[in-house]
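Peer 1: model this:
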Amino acid sequence: MRITTKGRYAVRAIVQLAMQGTEKPVSIRKISELENISAEFLEQIFFKLRKGGVINSVRGPGGGFKLNKEAKEITIAEIFDAVGEGLLLSPCVEDSPKTCERFSECIVNQLWNNSYLHFRGYFEKTTLEDVLKGNFKKSLDMR
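Peer 2: Numbers count the residues shown, from 1 in each chain. This is a model prediction of the structure:
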């Protein structure tokens, strides 16, 4: 699995947004400076995060972005989903007979699917609040 720059930057930006507090909106420029990420790239990422319901925007003087929910309600998977980060280990996980002619007879497919479910489960159980507090799940057993 490879998390792209877009996915990594999205998580960094949302963590930084949360660290700035919930009182006033935070500008892309400020997050860009604090995280050393291109403001233009952050605009693209924030557009997707807003569309995905992770953040909302406030227009006008003093405007910027705020979290749409509390940090304990936002999962890392939700951030990845909003920016289109698939987290797939193999095209075999994507769907299927459409992507693999051997799908119905392949015994390795379940290996890729189970691996994906473990990764996905980890990010679905890890919240923004966990990241802010450094509370990371250390166990590989995700049950």
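
Peer 1: mind listing the strands for this structure?
Peer 2: 55-58, 64-67 (DSSP state E).

Peer 1: just for this structure, where's the confidence low?
Peer 2: For the chain, the stretches with pLDDT under 70 are 1, 90-100, 136-143.

Peer 1: by contact count, what packs against the lengthiest helix in it?
Peer 2: Ranked by residue count, the top helix of the chain under DSSP state H comes out as helix 109-125. Applying 3 or more CB pairs under 8 Å, 6 or more residues apart in numbering; DSSP states H and E, we find helix 109-125 packed against helix 76-82, helix 91-94. The way it works is simple: take the backbone N, C-alpha and C, and place the C-beta from them, glycine included.

Peer 1: want to throw the strands of the chain into CSV with mean neighbour count and distance to I31?
Peer 2: As requested, the strands of the chain are exported to CSV (neighbours: other CB atoms under 10 Å; distance: least, CB to CB, whole Å):
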stretch, mean neighbour count, distance to I31
strand 55-58, 16, 11
strand 64-67, 20, 8
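
Peer 1: can you say which of those strands is nearest to M19?
Peer 2: strand 64-67 (10.8 Å; CB to CB).

Peer 1: got the contact list for the closest one?
Peer 2: Contacts with strand 64-67, where a contact means CB atoms under 8 Å, 6 or more residues apart in numbering, come from 14, 17-18, 22, 24-28, 30-31, 46, 50, 54-58, 74, 128.
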